[in-house]
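**Q** Sequence first, then the predicted structure:
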Amino acid sequence: MTVQHLRGNITAALEQFFPDIPVYVEGDKPQSAYFRLELLSATYDRQREGRYMAVYRFGIRYEQGSLLDAEAIADGLCEALDARESVNPAYRVVRQSWVAGAEERGALFTVDYMLYLQKQKQPEEEAELMGHFTEGARLK
(Lines give C-alpha, C1' and ligand atoms only; values in the text may rest on other atoms or scores of the structure.)
Protein backbone atom coordinates (compact mmCIF):
# COMPACT_ATOMS: atom_id res chain seq x y z
CA MET A 1 0.00 0.00 0.00
CA THR A 2 1.41 3.37 -0.99
CA VAL A 3 0.99 6.71 0.72
CA GLN A 4 -1.45 7.70 -2.02
CA HIS A 5 -3.60 4.63 -1.30
CA LEU A 6 -3.56 5.48 2.39
CA ARG A 7 -4.50 9.10 1.63
CA GLY A 8 -7.35 7.89 -0.58
CA ASN A 9 -8.57 5.59 2.17
CA ILE A 10 -8.63 8.45 4.72
CA THR A 11 -10.41 10.70 2.22
CA ALA A 12 -13.00 7.97 1.60
CA ALA A 13 -13.60 7.67 5.36
CA LEU A 14 -14.09 11.46 5.66
CA GLU A 15 -16.49 11.54 2.71
CA GLN A 16 -18.46 8.55 4.02
CA PHE A 17 -18.84 9.65 7.65
CA PHE A 18 -18.96 13.43 7.09
CA PRO A 19 -20.73 13.93 3.74
CA ASP A 20 -21.61 17.58 4.53
CA ILE A 21 -17.98 18.63 5.18
CA PRO A 22 -15.85 18.87 2.03
CA VAL A 23 -12.24 17.66 1.86
CA TYR A 24 -10.09 20.49 0.48
CA VAL A 25 -7.39 19.45 -1.96
CA GLU A 26 -6.50 22.50 -4.07
CA GLY A 27 -8.08 25.48 -5.74
CA ASP A 28 -10.60 27.78 -4.08
CA LYS A 29 -11.11 27.04 -0.41
CA PRO A 30 -14.69 26.35 0.68
CA GLN A 31 -16.53 29.19 2.43
CA SER A 32 -17.82 26.86 5.18
CA ALA A 33 -16.01 24.39 7.44
CA TYR A 34 -13.81 21.85 5.64
CA PHE A 35 -11.16 19.17 6.17
CA ARG A 36 -7.61 19.47 4.95
CA LEU A 37 -5.52 16.29 4.85
CA GLU A 38 -1.72 16.32 4.91
CA LEU A 39 1.10 13.84 5.42
CA LEU A 40 3.05 15.12 8.43
CA SER A 41 5.82 12.53 8.61
CA ALA A 42 6.97 9.12 7.44
CA THR A 43 9.31 6.89 9.43
CA TYR A 44 10.92 3.73 8.10
CA ASP A 45 12.48 1.16 10.41
CA ARG A 46 14.34 -1.98 9.37
CA GLN A 47 12.91 -4.92 11.30
CA ARG A 48 14.64 -7.94 9.77
CA GLU A 49 16.39 -8.85 6.57
CA GLY A 50 14.20 -7.58 3.74
CA ARG A 51 11.39 -6.43 6.01
CA TYR A 52 10.70 -2.85 6.95
CA MET A 53 8.08 -1.14 9.07
CA ALA A 54 6.69 2.21 8.00
CA VAL A 55 4.80 4.63 10.22
CA TYR A 56 2.92 7.39 8.40
CA ARG A 57 1.54 10.30 10.41
CA PHE A 58 -1.32 12.14 8.74
CA GLY A 59 -2.90 15.35 9.94
CA ILE A 60 -6.57 16.05 9.39
CA ARG A 61 -7.21 19.73 10.03
CA TYR A 62 -10.76 20.95 10.59
CA GLU A 63 -10.75 24.52 9.27
CA GLN A 64 -13.32 27.31 9.68
CA GLY A 65 -15.44 25.32 12.14
CA SER A 66 -16.30 26.00 15.76
CA LEU A 67 -14.28 24.47 18.58
CA LEU A 68 -17.32 22.61 19.89
CA ASP A 69 -17.96 21.10 16.46
CA ALA A 70 -14.29 20.11 16.25
CA GLU A 71 -14.55 18.23 19.56
CA ALA A 72 -17.56 16.26 18.33
CA ILE A 73 -15.86 15.59 15.00
CA ALA A 74 -12.75 14.24 16.76
CA ASP A 75 -14.83 11.41 18.22
CA GLY A 76 -16.42 10.76 14.85
CA LEU A 77 -13.01 10.67 13.15
CA CYS A 78 -11.86 7.90 15.50
CA GLU A 79 -14.88 5.81 14.55
CA ALA A 80 -14.58 6.57 10.83
CA LEU A 81 -10.91 5.61 10.63
CA ASP A 82 -11.42 2.49 12.73
CA ALA A 83 -14.24 1.40 10.41
CA ARG A 84 -12.01 1.84 7.35
CA GLU A 85 -9.20 -0.10 9.02
CA SER A 86 -11.42 -3.18 9.29
CA VAL A 87 -12.15 -2.92 5.55
CA ASN A 88 -8.45 -2.80 4.60
CA PRO A 89 -6.19 -4.88 6.89
CA ALA A 90 -2.96 -3.91 5.06
CA TYR A 91 -2.28 -1.28 7.73
CA ARG A 92 -3.38 -0.51 11.23
CA VAL A 93 -3.93 2.63 13.24
CA VAL A 94 -1.49 2.83 16.13
CA ARG A 95 -2.18 6.28 17.56
CA GLN A 96 -4.75 9.04 17.22
CA SER A 97 -4.65 12.46 18.85
CA TRP A 98 -6.52 15.73 18.72
CA VAL A 99 -5.16 19.23 19.32
CA ALA A 100 -7.44 22.25 19.66
CA GLY A 101 -6.99 24.92 17.03
CA ALA A 102 -4.68 27.87 17.54
CA GLU A 103 -5.23 31.39 16.29
CA GLU A 104 -5.80 31.35 12.51
CA ARG A 105 -5.53 27.54 12.50
CA GLY A 106 -8.21 24.89 12.82
CA ALA A 107 -8.22 21.92 15.15
CA LEU A 108 -5.74 19.20 14.20
CA PHE A 109 -6.48 15.49 14.42
CA THR A 110 -3.43 13.28 13.86
CA VAL A 111 -3.41 9.59 13.09
CA ASP A 112 -0.41 7.26 12.84
CA TYR A 113 -0.64 4.25 10.53
CA MET A 114 1.75 1.33 10.73
CA LEU A 115 2.36 -1.12 7.92
CA TYR A 116 5.01 -3.61 6.99
CA LEU A 117 6.87 -3.30 3.71
CA GLN A 118 8.68 -6.11 1.93
CA LYS A 119 11.94 -5.41 0.16
CA GLN A 120 11.55 -6.20 -3.53
CA LYS A 121 13.63 -9.13 -4.78
CA GLN A 122 16.03 -8.44 -7.56
CA PRO A 123 15.52 -10.41 -10.82
CA GLU A 124 18.98 -12.06 -10.37
CA GLU A 125 17.90 -13.43 -6.97
CA GLU A 126 14.77 -14.96 -8.49
CA ALA A 127 16.74 -16.50 -11.36
CA GLU A 128 19.20 -17.93 -8.82
CA LEU A 129 16.36 -19.45 -6.79
CA MET A 130 14.79 -20.96 -9.88
CA GLY A 131 18.17 -22.47 -10.79
CA HIS A 132 18.31 -24.21 -7.43
CA PHE A 133 14.81 -25.55 -7.84
CA THR A 134 15.49 -26.95 -11.30
CA GLU A 135 18.60 -28.79 -10.03
CA GLY A 136 16.50 -30.99 -7.77
CA ALA A 137 16.22 -28.87 -4.63
CA ARG A 138 12.96 -29.39 -2.76
CA LEU A 139 10.75 -26.96 -0.93
CA LYS A 140 10.35 -27.81 2.73
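**A** That came in fine, so what should we check first?

**Q** C-alpha from now on. contacts and neighbour counts both.
**A** OK.

**Q** need the contact list for R57.
**A** 39-42, 110-113 (C-alpha atoms under 8 Å, 6 or more residues apart in numbering).

**Q** what's the farthest-apart pair in those residues?
**A** Using C-alpha to C-alpha, the pair of the contacts of R57 lying farthest apart is A42 and T110, separated by 12.9 Å.

**Q** E85 reaches E79, doesn't it?
**A** No - if you go by C-alpha atoms under 8 Å, E85 and E79 don't touch, sitting 9.9 Å apart.

**Q** With neighbour numbers in mind, choose between these two.
**A** E85 (18 against 14; other C-alpha atoms under 10 Å).

**Q** Skipping adjacent residues, who's closest to the more buried one in space?
**A** Spatial nearest neighbour of E85, chain neighbours left out: R92 (6.2 Å); criterion: C-alpha to C-alpha, 6 or more residues apart in numbering.

**Q** same check, this time on R57
**A** Using C-alpha to C-alpha, 6+ apart, the nearest residue to R57 is D112, at 4.4 Å.
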